[in-house]
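Engineer: only geometry, no sequence info:
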Ligand SMILES: COCCOc1ccc2cc1OCC(=O)N(C)CCCNCc1c[nH]c3ncnc(c13)N2
């Protein structure tokens with residue numbers, strides 16, 4: 001049984017609401033079950049008042065528009081949405097192992113084998129998004145969920161837009177993941193290559209436990225635009241090589257996603273002899 005993706009009018013009475021899965025900036029997420037099919041999903045509840053207050057209607061509308069047309073094993077599915085007087089409800093795929101950043105906090109950093117599988121799945125998801133001319137622009141551990149089999153699920157497309165675009169959005173939240181071209185003044189437009197830089201920051205944080213440019217806000221900006229970071233000696237040389245090829249100032253010089261998937265550090269840990277898992281074997 002599955003929540004069919006055929007356009008259908010949904011309403012709250014069709015769902016049994018389960019335990020809360022977490023509280024975000026603009027809403028809470030609950031475990032839910034669609035009554036007729038028994039299909040387990042996640043229901044995100046957004047309050048229209050908060051959205052209007054936060055002036056993020058356009059962003060939420062764009063997020064729903066973009067995410068509802070995506071179908072990839074490493075991208076969290078948005079099956080549908082509905083609203084009542086006060087709230088908007090998103091019917092989402094349930095990610096059984098929750099938020100990746102909680103795993104990262106608990107484990108401090110990931111073993112190279114696990115990090116390589118996550119980066120391979122991220123590369124596969126980004127390849128899929130970029131082919132649809134969508135850049136995520138907000139790749140960071142907080143926006144990544146883990147599925148019931150331990151696979152990566154990218155969520156929260158609030159900042160994603162169709163590439164290329166010019167720099168008009170104000171930034172909020174951490175600067176750690178922003179590429180130099182989004183921070184600089186001489187670039188007023190950028191492409192999906194921004195996600196490659198963020199993939200490099202994510203890979204570094206998986207292996208080291210902190211972001212490469214983490215510092216005071218002023219210093220972080222300075223270090224990003226100079227690509228000034230150091231990799232600790234416990235990181236393998238192959239991993240260091242891939243980080244170096246992603247954290248390149250010139251967006252055009254960054255390693256392509258196809259090359260990420262063929263990089264020795266990825267191939268070493270995503271050999272086809274493994275249990276079929278995510279994109280390692282695609
Ligand atoms: C406008 O919003 C667009 C969609 O944003 C989200 C979709 C699904 C989400 C979380 C989303 O945004 C972030 C957020 O609300 N939190 C950080 C609080 C809850 C954290 N999730 C915990 C969680 C555990 N198992 C899950 N299975 C599916 N989705 C989940 C979760 N959360």
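Structural biologist: Yep, that arrived. The structure presented is a predicted model; accordingly, all values stated were derived computationally and were not measured. Residues are numbered from 1 along each chain as shown.

Engineer: so after the longest helix along the chain, what's the next helix or strand?
Structural biologist: In the chain, assigned by DSSP state H, the helix with the most residues is helix 112-131. Per DSSP states H and E, helix 112-131 leads on to strand 134-135 as the next helix or strand towards the C-terminus.

Engineer: ok, back up a step: would you mark the buried spots in the longest helix of the chain?
Structural biologist: 112, 114-130 (16 or more other Cβ atoms under 10 Å). (Each C-beta comes from the backbone N, C-alpha and C, glycine too.)

Engineer: repeat for stretch 222-235
Structural biologist: 223, 224, 225, 227, 229, 231, 235.

Engineer: So which of those residues is the closest to the ligand?
Structural biologist: Of all the buried residues of stretch 222-235, residue 224 has the smallest distance to the ligand: 24.3 Å, by Cβ to the nearest ligand atom.

Engineer: I'd assumed residue 174 was in contact with that closest one.
Structural biologist: No - here residue 224 does not reach residue 174: they are 11.4 Å apart, not a contact under Cβ atoms under 8 Å.

Engineer: tell me the secondary structure for the nearest residue to residue 20 once chain neighbours are set aside?
Structural biologist: Excluding the flanking residues, the one nearest residue 20 by Cβ to Cβ, 6 or more residues apart in numbering is residue 30, at 5.5 Å. Using DSSP: H, G, I helix; E, B strand; the rest coil, the structure places residue 30 in strand.

Engineer: Bridged to residue 30, which residues?
Structural biologist: With DSSP bridges applied, residue 30 shows beta-bridge pairing to residue 20, residue 43.

Engineer: which residues touch the residue lying closest to residue 36 once chain neighbours are set aside?
Structural biologist: Excluding its sequence neighbours, the residue lying closest to residue 36 (Cβ to Cβ, 6+ apart) is residue 14, at 7.2 Å. Neighbouring residues of residue 14 by Cβ atoms under 8 Å, 6 or more residues apart in numbering: 34, 35, 36.
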